[in-house]
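*Asks:* Requesting a structural model of the entry that follows:
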Amino acid sequence: MTQGFENIDPGQFWKHFLDTGFLDRWLESPNASGQGVKVAILDVGINESQLSVKRKAGGNILHMQFLPGGILKNPSNNPPFSSHGTIVADTLLRIAPQVEILSADIFGNAFHSTAEQLIHAMRYAIHEGNCKIINLSLGLPEDRIPHPSRKLQLLHVLEEAYEKDVLVFAAGNNDHPFQTSYPAKYESSLFSVNQKYIPELLKYRYEPAEGLEFIGHGVAPLAPMGTDPATSWATAYLSGYAARIVSIYPGIKPFEMKSILYWISREYEGRKK
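*Replies:* Numbers count the residues shown, from 1 in each chain. As a prediction, the model looks like this:
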């Protein structure tokens, strides 16, 4: 943990944040590496062998699988059927190389997941996995959650995360606003992210529109599909920034993080002018 934030009274945090020149002295510091931060990546699983040549020394990756019916088991050593989760992890690790990752496979060998699997994995990450950040580079369309009770359960688990100071980053649908994507639809309870090509160095902005608050241009050259802007990589990119901040201020609350990411975006835009 970077010295200077660990014993700050919550009421004095903002003054300390502004007085110490957070953007220059802290966020861009090598100490803001994600060390000590646990991130849950809910996806198709991660092929760790593909990350080994890309990754700096950091935390471990714990692999778990969440199957229909709420069954939790240790997955086999078979690589995931898609590179999507691996690219998401690669994107995040390029920003915060020393995070510890809980790879929560909610797809298994299927090409789709369910709201039940998503909710189960999120609850595990919040209450048992001790994760500070949950990255959801995925979304369920409206017709995949036909029952209002499931939507209510999903909203409740987001509220549980908020109460536990867990930061949830969720991707909007790449065809947004023409399609609704859950759980990004509940943007007040989480960090909702859309994709956009952003040539500037920061590569993300607070730009609320059509129900999504942040836009980002995360890129993961690990595979050809990772080089094009997509909400999946944009979400992981923003999660990486958050992990850097958490490594400096572990007790940060969701509303503080949202304000900081907003402030950094606006401060950076102001400096360019």
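*Asks:* can we go C-alpha only for contacts and neighbour counts from here?
*Replies:* OK.
*Asks:* Following element in sequence after the helix or strand A89 falls within, please.
*Replies:* If you go by DSSP states H and E, A89 is part of helix 84-95. Once the chain leaves helix 84-95, the next helix or strand it forms, by DSSP H and E, is strand 100-105.
*Asks:* Work out the sheet partners of that following strand and label each with its direction, please.
*Replies:* In the sheet, strand 100-105 lines up against strand 38-43 (parallel), strand 61-67 (parallel) (DSSP bridges).
*Asks:* C-alpha coordinates for it, PDB please?
*Replies:* Presented in PDB, the C-alpha positions along strand 100-105 are these (Å, rounded to 0.1, in the frame of the first residue of the first chain):
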ATOM      1  CA  GLU A 100      -4.900 -11.100  -7.800                       C
ATOM      2  CA  ILE A 101      -7.600 -12.500 -10.000                       C
ATOM      3  CA  LEU A 102     -10.600 -14.800  -9.300                       C
ATOM      4  CA  SER A 103     -11.400 -16.200 -12.700                       C
ATOM      5  CA  ALA A 104     -15.100 -17.100 -12.300                       C
ATOM      6  CA  ASP A 105     -16.200 -19.200 -15.300                       C
END
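*Asks:* Tell me the buried residues in the helix or strand following that strand?
*Replies:* Counting by DSSP H and E, the next helix or strand C-terminal to strand 100-105 is helix 115-127. Within helix 115-127, the residues that count as buried by 16 or more other Cα atoms under 10 Å are A115, E116, Q117, L118, I119, H120, A121, M122, R123, Y124, A125, I126.
*Asks:* can you redo these as CSV with distance to L167 and pLDDT?
*Replies:* Formatted as CSV, those follow (distance: Cα to Cα, whole Å; pLDDT from 0 to 100):
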residue, distance to L167, pLDDT
A115, 19, 83
E116, 20, 87
Q117, 19, 89
L118, 16, 89
I119, 15, 89
H120, 17, 92
A121, 15, 94
M122, 11, 93
R123, 13, 94
Y124, 14, 95
A125, 11, 96
I126, 10, 96
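*Asks:* Averaged pLDDT, the helix or strand harbouring S259. What do you get?
*Replies:* Element membership for S259 (DSSP H and E) is helix 254-272. Averaged across helix 254-272, pLDDT comes to 75.
*Asks:* what's the spacing between the nearest residue to S137 once chain neighbours are set aside and E159?
*Replies:* Spatial nearest neighbour of S137, excluding adjacent residues (Cα to Cα, 6 or more residues apart in numbering): S232 at 4.3 Å. Applying Cα to Cα, to the nearest Å, the value for S232 to E159 is 22 Å.
*Asks:* same check, this time on S247
*Replies:* For S247, the distance to E159 - Cα to Cα - is 23 Å.
*Asks:* More neighbours: these two, which one.
*Replies:* Taking neighbours as other Cα atoms under 10 Å, S247 and E159 compare with S247 leading, 25 against 15.
*Asks:* which SS class is that one?
*Replies:* Under DSSP: H, G, I helix; E, B strand; the rest coil, the three-state class of S247 is helix.
*Asks:* correct me, but it touches V39?
*Replies:* No. Counting by Cα atoms under 8 Å, S247 does not reach V39; the two are 11.6 Å apart.
*Asks:* follow-up on the earlier one: need the winner for burial among the strands paired with strand 100-105.
*Replies:* Mean neighbours per residue, mean count of other Cα atoms under 10 Å, is largest over the strands paired with strand 100-105 for strand 38-43, with a mean of 28.
*Asks:* tell me the mean pLDDT for that strand?
*Replies:* What strand 38-43 shows for mean pLDDT is 96.
*Asks:* With stretch 171-180 instead?
*Replies:* Confidence over stretch 171-180 (mean pLDDT, whole number) is 61.
*Asks:* for the stretch 151-273 of the chain, what spans make up the helices?
*Replies:* Taking DSSP state H, counting those that start in this stretch to define them, one finds helices in the stretch 151-273 of the chain at 231-248, 254-272.
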